[in-house]
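Enquirer: model this:
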Amino acid sequence: MKNVVKVIDWIVDKSIYLGCTAVVLMMMTTVVDVVLRFFKHPLKGSMEITTALMVCVVFFGMGRCSLLDLHMKVDIFKKFPWLDKVNKLITTALCLIICWQTIIQAFKAQSLNSVSQLLRIPKYPFVFVAAYGFLIIAAALISEFIHNIISRKQHGGDA
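Expert: Okay, the predicted model is just below:
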(Lines give C-alpha, C1' and ligand atoms only; values in the text may rest on other atoms or scores of the structure.)
Protein backbone atom coordinates (compact mmCIF):
# COMPACT_ATOMS: atom_id res chain seq x y z
CA MET A 1 0.00 0.00 0.00
CA LYS A 2 2.92 2.33 0.63
CA ASN A 3 3.93 2.01 -3.02
CA VAL A 4 0.43 2.97 -4.13
CA VAL A 5 0.60 6.09 -1.96
CA LYS A 6 4.04 6.96 -3.34
CA VAL A 7 2.86 6.60 -6.95
CA ILE A 8 -0.27 8.68 -6.34
CA ASP A 9 1.70 11.36 -4.53
CA TRP A 10 4.30 11.44 -7.31
CA ILE A 11 1.63 11.89 -10.00
CA VAL A 12 -0.10 14.61 -8.00
CA ASP A 13 3.21 16.36 -7.31
CA LYS A 14 4.24 16.28 -10.97
CA SER A 15 0.88 17.64 -12.14
CA ILE A 16 1.66 20.96 -10.51
CA TYR A 17 4.52 21.43 -12.99
CA LEU A 18 2.01 21.33 -15.84
CA GLY A 19 0.02 24.03 -14.07
CA CYS A 20 3.16 26.11 -13.54
CA THR A 21 4.03 25.75 -17.23
CA ALA A 22 0.55 26.98 -18.10
CA VAL A 23 1.07 30.03 -15.85
CA VAL A 24 4.34 30.85 -17.63
CA LEU A 25 2.69 30.46 -21.04
CA MET A 26 -0.21 32.63 -19.91
CA MET A 27 2.17 35.35 -18.73
CA MET A 28 4.11 35.19 -21.98
CA THR A 29 0.88 35.46 -23.98
CA THR A 30 -0.19 38.49 -21.96
CA VAL A 31 3.19 40.20 -22.36
CA VAL A 32 3.23 39.59 -26.11
CA ASP A 33 -0.34 40.87 -26.37
CA VAL A 34 0.48 44.06 -24.42
CA VAL A 35 3.61 44.73 -26.50
CA LEU A 36 1.73 44.14 -29.75
CA ARG A 37 -1.12 46.38 -28.60
CA PHE A 38 1.43 49.15 -28.14
CA PHE A 39 2.24 48.79 -31.85
CA LYS A 40 -1.51 48.72 -32.73
CA HIS A 41 -1.45 45.01 -33.70
CA PRO A 42 -2.88 43.04 -30.76
CA LEU A 43 -2.44 39.29 -30.57
CA LYS A 44 -5.50 37.65 -32.10
CA GLY A 45 -7.23 35.27 -29.74
CA SER A 46 -5.19 36.19 -26.69
CA MET A 47 -8.30 35.92 -24.52
CA GLU A 48 -9.03 32.43 -25.87
CA ILE A 49 -5.47 31.32 -25.23
CA THR A 50 -5.51 32.78 -21.72
CA THR A 51 -8.84 31.12 -20.93
CA ALA A 52 -7.61 27.73 -22.14
CA LEU A 53 -4.41 28.07 -20.12
CA MET A 54 -6.39 29.11 -17.03
CA VAL A 55 -8.26 25.79 -17.23
CA CYS A 56 -4.88 24.05 -17.11
CA VAL A 57 -3.65 26.17 -14.18
CA VAL A 58 -6.71 25.45 -12.07
CA PHE A 59 -7.18 21.77 -12.77
CA PHE A 60 -3.51 20.76 -12.70
CA GLY A 61 -3.06 22.53 -9.37
CA MET A 62 -6.14 21.36 -7.49
CA GLY A 63 -4.80 17.92 -6.59
CA ARG A 64 -1.66 19.32 -5.02
CA CYS A 65 -3.71 21.76 -2.93
CA SER A 66 -5.87 18.90 -1.75
CA LEU A 67 -2.91 16.64 -1.00
CA LEU A 68 -1.13 19.29 1.06
CA ASP A 69 -4.40 20.53 2.61
CA LEU A 70 -3.69 24.05 1.33
CA HIS A 71 -7.19 24.76 0.14
CA MET A 72 -9.53 27.11 1.94
CA LYS A 73 -12.05 25.47 4.20
CA VAL A 74 -14.34 26.42 7.02
CA ASP A 75 -13.82 24.39 10.18
CA ILE A 76 -17.36 24.51 11.49
CA PHE A 77 -17.26 21.17 13.24
CA LYS A 78 -13.79 21.10 14.82
CA LYS A 79 -15.22 19.21 17.77
CA PHE A 80 -16.17 16.36 15.46
CA PRO A 81 -13.06 15.26 13.52
CA TRP A 82 -14.92 12.27 12.09
CA LEU A 83 -17.05 14.72 10.07
CA ASP A 84 -13.91 15.77 8.18
CA LYS A 85 -13.34 12.13 7.23
CA VAL A 86 -16.96 11.77 6.09
CA ASN A 87 -16.62 14.99 4.10
CA LYS A 88 -13.47 13.73 2.39
CA LEU A 89 -15.16 10.43 1.58
CA ILE A 90 -18.12 12.22 0.03
CA THR A 91 -15.77 14.57 -1.82
CA THR A 92 -13.84 11.62 -3.24
CA ALA A 93 -17.03 10.00 -4.52
CA LEU A 94 -18.28 13.27 -6.02
CA CYS A 95 -14.94 13.95 -7.71
CA LEU A 96 -15.00 10.51 -9.30
CA ILE A 97 -18.57 11.03 -10.52
CA ILE A 98 -17.71 14.49 -11.89
CA CYS A 99 -14.59 13.04 -13.55
CA TRP A 100 -16.67 10.34 -15.24
CA GLN A 101 -19.28 12.84 -16.45
CA THR A 102 -16.58 15.25 -17.62
CA ILE A 103 -14.97 12.52 -19.70
CA ILE A 104 -18.36 11.85 -21.31
CA GLN A 105 -18.66 15.58 -22.07
CA ALA A 106 -15.15 15.63 -23.53
CA PHE A 107 -16.03 12.86 -25.96
CA LYS A 108 -19.23 14.73 -26.88
CA ALA A 109 -17.24 17.92 -27.52
CA GLN A 110 -14.82 15.91 -29.65
CA SER A 111 -17.57 14.27 -31.68
CA LEU A 112 -19.29 17.64 -32.21
CA ASN A 113 -15.95 19.19 -33.21
CA SER A 114 -16.50 22.00 -30.70
CA VAL A 115 -13.90 24.74 -31.12
CA SER A 116 -13.24 28.27 -29.88
CA GLN A 117 -14.68 31.14 -31.91
CA LEU A 118 -11.65 33.00 -33.21
CA LEU A 119 -8.69 30.65 -33.27
CA ARG A 120 -10.72 27.45 -33.69
CA ILE A 121 -8.91 25.75 -30.78
CA PRO A 122 -10.54 22.37 -30.04
CA LYS A 123 -12.31 22.43 -26.67
CA TYR A 124 -12.20 18.72 -25.85
CA PRO A 125 -8.55 18.59 -24.68
CA PHE A 126 -9.32 21.17 -22.02
CA VAL A 127 -12.40 19.24 -20.93
CA PHE A 128 -10.10 16.21 -20.51
CA VAL A 129 -7.82 18.43 -18.40
CA ALA A 130 -10.80 19.19 -16.15
CA ALA A 131 -11.56 15.47 -15.86
CA TYR A 132 -7.92 14.83 -15.00
CA GLY A 133 -8.10 17.51 -12.32
CA PHE A 134 -11.07 15.87 -10.62
CA LEU A 135 -9.37 12.47 -10.89
CA ILE A 136 -6.25 13.90 -9.26
CA ILE A 137 -8.28 15.35 -6.38
CA ALA A 138 -9.92 11.97 -5.82
CA ALA A 139 -6.52 10.26 -6.01
CA ALA A 140 -5.05 12.70 -3.50
CA LEU A 141 -7.91 12.04 -1.08
CA ILE A 142 -7.56 8.27 -1.54
CA SER A 143 -3.82 8.63 -0.90
CA GLU A 144 -4.61 10.50 2.30
CA PHE A 145 -6.99 7.74 3.42
CA ILE A 146 -4.36 5.07 2.76
CA HIS A 147 -1.71 7.14 4.53
CA ASN A 148 -4.01 7.48 7.57
CA ILE A 149 -4.61 3.72 7.60
CA ILE A 150 -0.87 2.98 7.39
CA SER A 151 0.02 5.47 10.11
CA ARG A 152 -2.79 4.13 12.33
CA LYS A 153 -1.41 0.57 11.97
CA GLN A 154 2.14 1.75 12.70
CA HIS A 155 1.07 3.63 15.83
CA GLY A 156 -1.05 0.80 17.21
CA GLY A 157 -4.44 2.22 16.26
CA ASP A 158 -4.27 5.40 18.36
CA ALA A 159 -3.38 7.78 15.49
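Enquirer: hey, where'd the helices end up in the chain?
Expert: 2-38, 46-67, 81-111, 124-154 (DSSP state H).
Enquirer: what's the average pLDDT for the last one?
Expert: By that I understand helix 124-154. For helix 124-154, the mean pLDDT works out to 90.
Enquirer: now it against helix 81-111, angle please.
Expert: Here the directions of helix 124-154 and helix 81-111 differ by 160 degrees (axes from the mean of the first three to the mean of the last three Cα atoms, to 10 degrees).
Enquirer: packing partners of helix 124-154?
Expert: helix 2-38, helix 46-67, helix 81-111 (3 or more Cβ pairs under 8 Å, 6 or more residues apart in numbering; DSSP states H and E). C-betas here are computed from N, CA, C, even on glycine.
Enquirer: got the ones you listed as TSV, with distance to Lys153 and mean neighbour count columns?
Expert: Formatted as TSV, these follow (distance: least, Cβ to Cβ, whole Å; neighbours: other Cβ atoms under 10 Å):
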stretch	distance to Lys153	mean neighbour count
helix 2-38	11	14
helix 46-67	21	20
helix 81-111	16	14
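Enquirer: go through those helices and name the closest to Ile146.
Expert: Of all these, helix 2-38 sits nearest to Ile146, with 5.1 Å by Cβ to Cβ.
Enquirer: quick check: Leu141 touching Asp69?
Expert: No. At 10.5 Å, Leu141 does not count as touching Asp69 under the criterion of Cβ atoms under 8 Å.
Enquirer: of these two, which one has the most company?
Expert: Leu141 (22 against 9; other Cβ atoms under 10 Å).
Enquirer: ok, the more buried one - contacts?
Expert: Residues in contact with Leu141 (Cβ atoms under 8 Å, 6 or more residues apart in numbering) are Ser66, Lys88, Thr91, Thr92, Cys95.
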